[in-house]
Every structure is written in C-alpha cells, then in structure tokens.
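K.L.:
3D model of this:
(2 chains)
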Amino acid sequence: MCDISLEFAGGAELLFESRKKQSVSLPPQDRPWTIDLLVKWLAKNLLKGNPEMFIHADGSGVRPGILVLINEIDWELLGGKDYRIQNNDSILFVSTLHGG
Amino acid sequence: MKSCTKCSKNIACLKRPKTGDALCRECFFDAFEQEIHWTITTFNLFSRGDYVAIAASGGKDSTVLAHLMKVLNDRYDYGLKLVLLSIDEGITGYRDDSLETVKRNELQYGIPLKILSYNDLYGWTMDKIVAAVGKKSNCTFCGVFRRQALDRGAMQLGVDKIVTGHNADDIAETVIMNVLRGDIARLQRCTSIVTGSEGLIPRSKPFKYTYEKEIVMYAHFKKLDYFSTECIYSPNAYRGHARAYIKNLELQDPLSILNIIYSGECMSLREGTKLPSKGTCSRCGYISSQEVCKACVMLEGLNKGVPRLGVGKTSKVIKKMEQLKLSEDSDRSPTKPVVSHSTTEVPSRKSSVLRETTLEW
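P.N.:
The predicted structure is shown next:
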C-alpha cells in the first residue's frame, strides 16, 4: 500500500473538480510507483478536466508547464518522472499554464 | 537530499532553470529578488518620485510583481508611488473572481487599487461582445480593448509609468508567434523591456528575464494570494501551441527561453523594410497605424450591428467602413457629398507586415 496526499494548485485543481487536496491510497503493484505511473493513474481515476492540460501530448507523463513538488521540494532535484514514491509522500502539482 | 549550493546549510528546494543551481528557500528568495532589483536598476526602469501603475489581473505574474514592487521599493528606497490598475473586461465568472483577489492584494500590500471596466470605456462588456460576435475571434476584441484600456486607465490616474508582469516564457512565446505570423513590426517591439515611449506612457517588464517556473515557485513558497483560471470564452489555441512548444523546449534546455529572447533582440530589419507608419486615430487620438484605430473600427462594427467588422483584413475593413459611411450619409442627406477615404493608405493584400492581427502586447 502507498498512502499519499495530493495537492493541486495554480489552476491544476480545476482539472480535478476544484478539489485542492485529497488523500489517496495507490493500489499495490509489482513495480514501484513513480511520478510517471502516478500521473497515468490520476488521468484514469481522478482527472475530470481537459487531459491535454495535465498530460503530455504523447501520454508519457505530466505536461511540461506543470510543476511538481514532492514534500515541498522541486521534483527536478529528486529524479523527476522516475522518482520512487514513498508512503506518506505529499505531492503537489502546480500549473503554470493557467492565466490570471 | 541535496543541500543548497549557495549556503550549503539547508536542504535545496528548487533547481533554478537559468543556472541549474539547487537552492534552499531563503537563498532562492534572495537570488530572485536580487535579480528583479538588478533588472530595474540596470535598465533604469524608474526614476525617483515616479508614480507607477502595476497592471494587476489577480494572476500569478501580476501578484508576484505587486508584492515585489512593494518589497523592493521599501528595501532599496526607489521613492516610487505605487497604484494597482485592473481592467474589468466584464466576463462573469472569470474576471469578477480574479478582481476579488486584486481587492485583497490592495489590502495585503497597502497599494491603492483602480478598476476600469470595458463597459465604462467602450459601453460594451465582453459578455455582450461575445453575445454579438460569437466565440470565434472574440479574443481579438479583448486584446485590442485591453491594451488601450490600460493606457487610458494610466492616463486617468496620471501615472508616469506602467509595469506589467510579462515574464521570460511569455516573451519567448510572443517572439515565436510573431515569427510565425510574419509580424515584423511586433517582432521588433516585443523583446523591448520598455515600450510605448512616443506619446504613450512608458510600459516596462521587470520580469523580462524571469522564468515562469520561478515566479510560480516564489508565489507558492511565499504563500501569495493569487487566482488562476482559464478564460471561459476562448482557450486561444494559437498561443496555446506556441506555449506548449516553448515548454517542451525548456524541458530539453531551460536556456532556450532566454536564447529565443536574445535572438528576437538581435533580429534587425534590412534597410528599406516597410513598417506601418505610426500616426494617431482620427476619432479617439490613440496611437494607430491606420487612419482609424482598431478599437474604433471594432466599436463602430459593434454599434452598427456589423460586429465582425475589424476582425478581418485591414483592406477589407476599410472598404466595409466606406460602405457603412455611404449608407449613413445617404440616410442623413442624399445630397451631402460622400467623405472620401482615398487618402487612407490601403495596404497591399500580400503585405503581411501591415496586417493587423491580435494585439496582445
């Protein structure tokens, strides 16, 4: 089991029924959960808005322009899409694509 | 976990796109604020005593800009008087929400706020315009009207300067869009850190060299109160493509953003290249390359029940305006001589240089 808390901000929450925070339990699987796998899982299970605003056009992961912070640290410092998600991680997706 | 490359004490929380440095929060705040201060002083964006309007939409860029203008003005004693200037396009469920954010910013930063609406200025809200024009090309109206609205608001306030929150990603995107449209006149202007010197209030972009990622991270770590949404009327697909393109490039090499801006700055016109001549609108006095400015043409169309006038090519617009004028004159007095527009320079259809497209800058 992998329990994590998710947060969406900067307009990304609009793609998830305007829910800014939610806790989820990722189902057990053979390989470890990575950010890429989480994004695919989110797209399938929780995403309600336009997928193009969240997922890369080739379906490979999060769309460039969405920032990811893991426990308040820039994911680029933690291995990016291949970061292995740990139990109790808090993962934040912030859109830079939405306007003001 | 990496430690901060600058202070080596704290845990790094962000990788800077420009330098690749891994910085902790405090070192990032410091570097970010120092850079904006560097931009302001290096390019002499302000003079002591200036009255400066901050174009405020309630979004991330203008919220961070308002916060920083306040912080830097106090810290470095620029001696500026600040005011927030917001434009209310009249889009229910979009602008009314973000204006609430700007009203909170007014209190949070202690900067007075002035809101100017399309309805006050033009007698039309965007909601009404969309009802008349439809969802296609209403962005053109909004862009043209917004640009003038900011200038008019600034004039009403009597400010010396305007600052906008356009960041490096926005500018790179605009360079690409202007290249794709062959809009040489705007390509020349869009990389300037200060624009609008002739007869208009100077506008500057203190975030010209600032990455969007850092603006958003700064707002997040500082817990600044901003509003983000998508305009309910149009996703502006063309800009969306340019945006996706830029962000994909940034992923490969973050410096490509600054390189695009640099290339835009270095492009110079061959001698003899024709540019639209700058004049003033014969109706409202606003700066215009045509006899009648785009906003007045659009208003004429809206008010006379030909809402799409002003959306198409300039040459066609001029023809249509003449027809409108003809019918108007014949309504009034059949004997009255028709005012000839033959003095108006009609651009050739092939000349993309003269084409009026969406004004967003």
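K.L.:
Which pLDDT value does the model give residue 94?
P.N.:
No chain was given, so I picked chain A. What the model reports for A:V94 is a pLDDT of 95.
K.L.:
other chain: chain B
P.N.:
Here, the pLDDT recorded for B:Y94 equals 83.
K.L.:
cool, the one 4 residues further on as well?
P.N.:
Turning to B:S98, the model gives it a pLDDT of 88.
K.L.:
Now do the contacts for it.
P.N.:
B:S98 makes contact with A:100, B:57-59, B:227, B:229, according to Cβ atoms under 8 Å, 6 or more residues apart in numbering or on different chains. Bear in mind the C-beta positions are built from the backbone N, C-alpha and C, glycine included.
K.L.:
again with B:T63
P.N.:
Contacts of B:T63 (Cβ under 8 Å, 6+ apart): A:100, B:56, B:101, B:105, B:219, B:224-226.
K.L.:
Check for me that B:F145 belongs to a helix.
P.N.:
Yes: assigned with DSSP: H, G, I helix; E, B strand; the rest coil, B:F145 falls within a helix.
K.L.:
pretty sure it is touching B:Y118, no?
P.N.:
Yes: when contacts are counted by Cβ atoms under 8 Å, B:F145 is listed as touching B:Y118 (5.7 Å).
K.L.:
Quick check: phi and psi on whatever residue of the stretch 51-200 of chain B ends up closest to chain A?
P.N.:
In the stretch 51-200 of chain B, the residue found nearest to chain A is B:G59; the distance is 1.1 Å by Cβ to the nearest Cβ. Backbone geometry at B:G59, expressed as degrees, to the nearest 10, gives phi -80, psi 180.
K.L.:
And for B:D61?
P.N.:
The phi/psi pair for B:D61 (degrees, to the nearest 10) reads phi -60, psi -50.
K.L.:
and if you look at the one 4 residues further on?
P.N.:
Backbone dihedrals for B:L65, given as degrees, to the nearest 10, come out at phi -60, psi -50.
K.L.:
residue contacts, it?
P.N.:
So, once contact is read as Cβ under 8 Å, 6+ apart, B:L65 ends up touching B:54, B:56, B:163-165, B:206-207.
K.L.:
returning to that earlier point: count of neighbours near the residue of the stretch 51-200 of chain B closest to chain A?
P.N.:
23 (other Cβ atoms under 10 Å in any protein chain shown).
K.L.:
wait, it sits on B:L224?
P.N.:
No: using Cβ under 8 Å as the test, B:G59 is too far from B:L224 to be in contact (11.0 Å).
K.L.:
tell me, what's touching these two both at once?
P.N.:
Joint contacts of B:G59 and B:L224 (Cβ under 8 Å, 6+ apart) do not exist.
K.L.:
quick revisit: looking at the contacts of B:L65, state which has the most neighbours.
P.N.:
Neighbour-wise, the contacts of B:L65 (other Cβ under 10 Å) top out at B:A56, 31 neighbours.
K.L.:
distance of it from B:F227?
P.N.:
Per Cβ to Cβ, to the nearest Å, B:A56 is found 11 Å from B:F227.
K.L.:
Could you double-check that B:L224 lies in contact with B:H67?
P.N.:
Yes: under the criterion of Cβ under 8 Å, B:L224 is in contact with B:H67, at a separation of 5.8 Å.
K.L.:
of these two, who's got more company?
P.N.:
Neighbour tally, B:L224 and B:H67, criterion other Cβ under 10 Å: the higher count belongs to B:H67, 22 against 18.
K.L.:
same question for the host helix or strand of the more buried one, mean pLDDT?
P.N.:
Here B:H67 sits within helix B:60-75, counting by DSSP states H and E. In this model, helix B:60-75 has an average pLDDT of 97.
K.L.:
Quick one: distance of that helix to the chain centre.
P.N.:
Remark: helix B:60-75 is offset 18 Å from the chain centroid, using Cα atoms, centre = their mean, to the nearest Å.
K.L.:
What residues sit buried inside that helix?
P.N.:
For helix B:60-75, burial by neighbour count (16 or more other Cβ atoms under 10 Å in any protein chain shown) applies to B:60-73.
K.L.:
quick one, phi/psi of B:C190?
P.N.:
B:C190 adopts backbone torsions of phi -70, psi -20, taken as degrees, to the nearest 10.
K.L.:
A:S5 reaches A:K20, doesn't it?
P.N.:
No: between A:S5 and A:K20 there is no contact under Cβ under 8 Å: 11.1 Å.
K.L.:
Spell out which parts of chain A neighbour chain B.
P.N.:
Neighbours of chain B within chain A, by Cβ under 8 Å from any Cβ of the partner chain: A:9-11, A:14, A:57, A:63-65, A:67, A:69, A:72-74, A:76-77, A:92, A:94-100.
K.L.:
Identify the residues contacting B:S62.
P.N.:
B:S62 sits next to A:100, B:54-56, B:164-165 when contact means Cβ under 8 Å, 6+ apart.
K.L.:
switch the cut-off to 7 Å
P.N.:
Residues in contact with B:S62 (Cβ atoms under 7 Å, 6 or more residues apart in numbering or on different chains) are A:100, B:54-56, B:165.
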